[in-house]
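Q: I'd like to go over a predicted model; first the sequence, then the structure.
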Amino acid sequence: MTHVIRVLERLFRHRAGNVTIEFGFVILFMATLAVGAYDFGNLGYQKIAITSAARAGVQYGAQDQVTAADTAGMIQAARNDAADVNSALNITARQYCTCPAQGELSCNVICDDGSYSYMYVEVTAADQVELLFPYPYVTSPQTVASTNTMRVR
């Protein structure tokens, strides 16, 4: 027992290098936090960019019935908003009509209540975001997607 006490006394008396070891642990911990903050910040940024692109596409299509039928124009408006010059984003656009309590049906149809069907446009944008660091229970790449729907004027 006295041998263990002598060893512990020796350890606590000689503190040279303790700060270096503690600094190494702190730096490792802070670097891990920084990489995690970058990864999840990048995911948030990509989600904002994808949502904005889908919104721009649907705003283009909702102008009138001519632009609502122009799915290529809606897709291009979304690509322009996201600065997607390489066509890396997966963007889809569609036009559809509904009646209250009847669901989707063909456009320019008179509904059961005597009103005309409502025309809508929908744009969906999606992208894959690679993470720098593997996290437990988080797969890489992450799919970031957004769907926006708007009624045509």
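A: Okay, I see it.
Q: hey, let's count contacts and neighbours off CA atoms from now on
A: Will do.
Q: Could you list the low-confidence segments of the chain?
A: Residues of the chain that meet the criterion pLDDT under 70 lie in 8, 11-16.
Q: if you set the cut-off to 90 instead, what comes out?
A: 1-25, 32, 35-36, 40, 83-88, 99-118, 131-140, 153 (pLDDT under 90).
Q: For it, which segments count as helices?
A: For the chain, applying DSSP state H gives helices covering 2-13, 18-61, 65-69, 71-82.
Q: Chain neighbours aside, what residue packs nearest to the most centrally placed residue in the chain?
A: Centroid-nearest residue in the chain: residue 47, 2.6 Å away (criterion: C-alpha atoms, centre = their mean). Spatial nearest neighbour of residue 47, chain neighbours left out: residue 144 (5.9 Å); criterion: C-alpha to C-alpha, 6 or more residues apart in numbering.
Q: okay, now residue 63: neighbour count?
A: Number of residues near residue 63 (other C-alpha atoms under 10 Å) recorded here: 15.
Q: OK, contacts around it?
A: With contact taken as C-alpha atoms under 8 Å, 6 or more residues apart in numbering, residue 63 is in contact with 152-153.
Q: Can you get me a residue count around residue 143?
A: 14.
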